[in-house]
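Asks: Quick one, structure for this:
(chains A, B, C and D)
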Protein chains: 4
Amino acid sequence: MKRSRKDYIFSLEFKVRDYECDLQGVVNNANYQHYLEHARHEFLVSRGISFARLHEEGTDLVVTRIEINYKYPLRSRDRFVVKLNLRREGHLRLVFEQAVFRLPDEKLIAEAEVTGVATRNGRPVSPGNIVSILGI
Amino acid sequence: MKRSRKDYIFSLEFKVRDYECDLQGVVNNANYQHYLEHARHEFLVSRGISFARLHEEGTDLVVTRIEINYKYPLRSRDRFVVKLNLRREGHLRLVFEQAVFRLPDEKLIAEAEVTGVATRNGRPVSPGNIVSILGI
Amino acid sequence: MKRSRKDYIFSLEFKVRDYECDLQGVVNNANYQHYLEHARHEFLVSRGISFARLHEEGTDLVVTRIEINYKYPLRSRDRFVVKLNLRREGHLRLVFEQAVFRLPDEKLIAEAEVTGVATRNGRPVSPGNIVSILGI
Amino acid sequence: MKRSRKDYIFSLEFKVRDYECDLQGVVNNANYQHYLEHARHEFLVSRGISFARLHEEGTDLVVTRIEINYKYPLRSRDRFVVKLNLRREGHLRLVFEQAVFRLPDEKLIAEAEVTGVATRNGRPVSPGNIVSILGI
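Replies: Alright, predicted model coming up:
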């Protein structure tokens, strides 16, 4: 998961909402999955692919593996950006490399690698159409 | 993360709540982190360690890395169990091996490895006290 | 919303999970809606009505109004029970009276009144079938 | 809760995130409390009052009552705005009138009235300082 910051192909800015913080006063770990997911979906939308519409058409994008390395906590009202890159792995898997940087100081908060597949009726299918739209 | 099912030292039963499902009709990926966290905290409590009280006393247990392999989705009202095991890694790290099995058929739903450290004032400290209580 | 405690027709026990607490160290207000919803859905299931299956069949149970009076906060690991009663209001509305009591001391934590309607294609329909099953 | 749209003193724009939708394909009711809370906290911040800092200083702003009237559901990726107004009620209570409008068509999605008090050590205290800052 080593990657220089300039390589990311998409980024989305967020701000911590107080309800996302837990009794330790920092953003609860699970909320990073929400941030990462929202950034992926917004990326797909920016390329014309809607997660919700795909679902209605019978194709689901499904996460099969996630790895998150937490470096430093986000706190109430911190601004941050989620960046992502994407590569294909084998015939079926899409791998998103994502990172969270606090703003404005760009401190690295977390790095993640998220593997997804496309499924129809619960079975993996080639993400061919999606891949060709994404150009990877 | 290979481990036979009998090796786990703690397990906790849950039931999917409808609000945990997303528009795909399955439990949203981030909620597995909630389930895993709750099982870890209940395990600690079963050994006399309160996450909330530790925080009040100035020590935070912090997740530094999580890896989740999603095998099969949970759906509305599924019953399931989260199991865990624990090992020490180096001086500072505690590693939880966790797995989610659907009930009653014990189908493997997800496997996770969660690394944590104890911190005081944001700096890692030896989890010696915790380790001696846990007997690892 | 005055009601003696013995009048409730359904109750469900919960335990606070740490991730449900926010930076004030108490359960975040929004989570009470989750608790109340889960109790309603489990009540319906206990009478043979599945919220998820209804949705698949084209009927949605939809909340049109909620009122919650917060009396006292729940904290990390508190046990509590959500109780409910149900009445019909006019032709279309079902009104759930719900209350949250901490255990074991039965301290009143919150009271709520939740109004729902059944909809098909986004339009309210008579909940006749549901009402006859529920016997109200 | 009748109020013409021009009267609001603060508004904050949001976009639905897919994880906020439940298995009905619409935003889960509890998430509206998150939206409403975040708008209130951002309003307070815009006036120089930090919810998190107040907590650290021993004063908590606590919701004692919430009423939400749900008019129309938000769906995946809808843009919307949360507006608010504020009045004092008696010596102790602050009442926020809030409304959610979908964008760009300004369709009314939900209206809410949220009553809060300031507490120290769990007891209501005069929000005098806060009130004078807010100028109400």
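
Asks: tell me the SS of the most centrally placed residue in chain A?
Replies: Nearest to the geometric centre of chain A sits A:Leu36, at 3.4 Å (Cα atoms, centre = their mean). Classification of A:Leu36 by DSSP: H, G, I helix; E, B strand; the rest coil places it in helix.

Asks: show me what contacts the residue of chain A most remote from its centre?
Replies: Farthest-out residue of chain A from its mean C-alpha position, per Cα atoms, centre = their mean: A:Leu23, at 25.2 Å. A:Leu23 makes contact with B:Ala52, B:His55, C:Asp18, C:Cys21, C:Asp22, C:Leu23, C:Gly25, C:Ser76, according to Cβ atoms under 8 Å, 6 or more residues apart in numbering or on different chains. (Glycine included, C-beta is placed from N, CA and C.)

Asks: quick revisit: tell me the confidence at the residue nearest to the centre of chain A?
Replies: Listed pLDDT for A:Leu36 reads 98.

Asks: So which residues of chain A form strands?
Replies: Assigned by DSSP state E, chain A shows strands spanning A:10-15, A:59-70, A:79-89, A:93-103, A:108-120, A:123-125.

Asks: Of those strands, which is nearest B:Ala99?
Replies: B:Ala99 sits nearest to strand A:59-70 of all these, at 14.4 Å, using Cβ to Cβ.

Asks: and the angle for the closest one with strand B:108-120?
Replies: 20 degrees (axes from the mean of the first three to the mean of the last three Cα atoms, to 10 degrees).

Asks: anything in strand A:59-70 sitting right up against chain B?
Replies: Yes. Applying Cβ under 8 Å from any Cβ of the partner chain, one finds strand A:59-70 in contact with chain B at A:Asp60, A:Val62, A:Val63, A:Thr64, A:Arg65, A:Ile66, A:Glu67, A:Ile68, A:Asn69, A:Tyr70.

Asks: Hmm, B:Pro73 and the fourth one touching each other?
Replies: No. With contacts counted by Cβ atoms under 8 Å, A:Thr64 stays clear of B:Pro73, the gap being 10.8 Å.

Asks: tell me which parts of chain A are close to chain D?
Replies: For chain A, the contact set with chain D under Cβ under 8 Å from any Cβ comprises A:17-19, A:21, A:25, A:34, A:37-38, A:41, A:45, A:50-52, A:75-77.

Asks: Out of the residues of strand A:59-70 next to chain B, give me the one that has the most neighbours.
Replies: A:Ile66 (26 neighbours; other Cβ atoms under 10 Å in any protein chain shown).

Asks: my guess is it meets A:Gly116, correct?
Replies: No. Taking Cβ under 8 Å as the definition, A:Ile66 is not a contact partner of A:Gly116, at 9.4 Å.

Asks: Any of the residues of chain A next to chain D buried? List them.
Replies: A:17-19, A:21, A:25, A:34, A:37-38, A:41, A:45, A:51-52, A:75-77 (16 or more other Cβ atoms under 10 Å in any protein chain shown).

Asks: show me which of those neighbour chain B.
Replies: Among those, chain B is touched by A:His34, A:Glu37, A:Ala52 when using Cβ under 8 Å from any Cβ.

Asks: Identify, from those residues, the entry nearest to chain D.
Replies: A:Ala52 (3.8 Å; Cβ to the nearest Cβ).

Asks: Now that the closest one has come up, it's in contact with D:Val26, right?
Replies: No. Using Cβ under 8 Å, A:Ala52 makes no contact with D:Val26, being 10.8 Å away.

Asks: CA atoms only: put the least confident helix or strand in chain A by mean pLDDT into CSV for me.
Replies: When the helices and strands of chain A are scored by mean pLDDT, DSSP states H and E, helix A:128-134 comes last with a mean of 80. Written as CSV, here are the backbone C-alpha positions of helix A:128-134 (Å, rounded to 0.1, in the frame of the first residue of the first chain):
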residue,chain,number,x,y,z
GLY,A,128,-16.3,-6.2,-17.9
ASN,A,129,-18.8,-3.5,-18.5
ILE,A,130,-17.7,-1.6,-15.4
VAL,A,131,-14.1,-2.1,-16.2
SER,A,132,-14.4,-0.8,-19.7
ILE,A,133,-16.3,2.3,-18.4
LEU,A,134,-13.6,2.9,-15.8
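
Asks: quick one: it near chain B?
Replies: No. Judged by Cβ under 8 Å from any Cβ, helix A:128-134 makes no contact with chain B; its nearest approach is 15.8 Å.

Asks: what residues does that helix touch?
Replies: Contacts of helix A:128-134 (Cβ under 8 Å, 6+ apart): A:Arg47, A:Gly48, A:Ile49, A:Leu61, A:Leu86, A:Arg88, A:Leu94, A:Ala118.

Asks: hmm, try it at 6 Å
Replies: Helix A:128-134 has contacts (Cβ atoms under 6 Å, 6 or more residues apart in numbering or on different chains) with A:Arg47.

Asks: What are the buried residues along that helix?
Replies: The neighbour-count check on helix A:128-134 (16+ other Cβ under 10 Å) flags A:Ile130, A:Leu134 as buried.

Asks: ok now that helix, how far from the chain's centre?
Replies: 18 Å (Cα atoms, centre = their mean, to the nearest Å).

Asks: Could you do stretch A:22-38 as well?
Replies: Worked out by Cα atoms, centre = their mean, stretch A:22-38 lies 13 Å from the chain centre.

Asks: Could you list the low-pLDDT ranges of chain A?
Replies: For chain A, the stretches flagged by pLDDT under 70 are A:1-6.

Asks: Would you mind naming what in it lies close to chain C?
Replies: Neighbours of chain C within chain A, by Cβ under 6 Å from any Cβ of the partner chain: A:Tyr19, A:Cys21, A:Asp22, A:Leu23, A:Gly25, A:Asn28.

Asks: Please repeat the previous calculation with a cut-off of 7 Å.
Replies: A:Asp18, A:Tyr19, A:Cys21, A:Asp22, A:Leu23, A:Gly25, A:Asn28, A:Ala30, A:Ser76 (Cβ under 7 Å from any Cβ of the partner chain).

Asks: Please identify which pair of those lies farthest apart.
Replies: Across the residues of chain A next to chain C (Cβ to Cβ), the longest gap, 16.8 Å, separates A:Ala30 and A:Ser76.

Asks: So A:Pro104 versus chain C, what's the distance?
Replies: Counting by Cβ to the nearest Cβ, to the nearest Å, the gap from A:Pro104 to chain C is 23 Å.

Asks: Tell me the spacing between that residue and A:Glu13.
Replies: Distance of A:Pro104 to A:Glu13, computed by Cβ to Cβ, to the nearest Å: 11 Å.

Asks: Ok, A:Ile130 next?
Replies: Between A:Ile130 and A:Glu13 the distance is 25 Å, computed by Cβ to Cβ.

Asks: picking up where we left off before, may I see the residues of strand A:59-70 next to chain B arranged in CSV, with distance to C:Glu111 as well?
Replies: Output for those, formatted as CSV (distance: Cβ to Cβ, whole Å):
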residue, distance to C:Glu111
A:Asp60, 40
A:Val62, 41
A:Val63, 39
A:Thr64, 44
A:Arg65, 44
A:Ile66, 40
A:Glu67, 44
A:Ile68, 39
A:Asn69, 44
A:Tyr70, 39
